[in-house]
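K.L.:
structure for this input, please:
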Amino acid sequence: QVQLVESGGGLVQAGGSLRLSCAVSGRTLSNYDMGWFRQAPGKEREFVAGINWSGTRTGYARSVKGRFTISRDNAKNTVYLQMNSLRPEDTAIYYCATTGAKTNVVITTTQRYDYWGQGTQVTVSS
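P.N.:
Numbers count the residues shown, from 1 in each chain. Below is the predicted model of the structure:
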């Protein structure tokens, strides 16, 4: 049984930082590409950042590029999202997800991800 558990969300002031973690069990992380998505109230779930199985490819949504960094520790079966210079518009539930793929690209579409975590709330106050 594959499980993903996010942690690290919370309330932060604009300009602050948070580091999200996603612990994966039931699947050997080193065999799969991973991603972070977010969903704000009344909006569709959107791609935030992705990383391929080896960590050699990363990609970001235009809205977070230069502020967020995705990384992975395959030995710990964990993926991270470092979020700096947070803005109120970053407020959302953040989800990590795993694909069934092992590629050399960054997968940005939700349909390509087969397992999802329960999400962690990030709230940025102005």
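K.L.:
helix, strand, or coil at the closest residue to residue 109 other than its chain neighbours?
P.N.:
Among residues not flanking residue 109 along the chain, residue 47 sits closest, at 7.5 Å (Cβ to Cβ, 6 or more residues apart in numbering). C-beta here means a position set from N, CA and C on the backbone, and glycine is covered the same way. Residue 47 falls in the strand class when you classify it by DSSP: H, G, I helix; E, B strand; the rest coil.
K.L.:
can we start the residue count at 292 from this point?
P.N.:
Yes, from this point I'll number from 292; that puts the last item at residue 338.
K.L.:
give me every residue that touches residue 338.
P.N.:
By Cβ atoms under 8 Å, 6 or more residues apart in numbering, the contact set of residue 338 is 326, 328, 352, 399, 400, 401.
K.L.:
and which of these is nearest to residue 317?
P.N.:
Using Cβ to Cβ, residue 326 is the member of those that sits closest to residue 317, with 17.6 Å.
K.L.:
quick check: the closest one touching residue 404?
P.N.:
Yes. When contacts are counted by Cβ atoms under 8 Å, residue 326 is listed as touching residue 404 (6.1 Å).
K.L.:
if you count surrounding residues, which of those two has more?
P.N.:
residue 326 (27 against 23; other Cβ atoms under 10 Å).
K.L.:
helix or strand: which one has that one?
P.N.:
Secondary structure from DSSP states H and E places residue 326 in strand 325-330.
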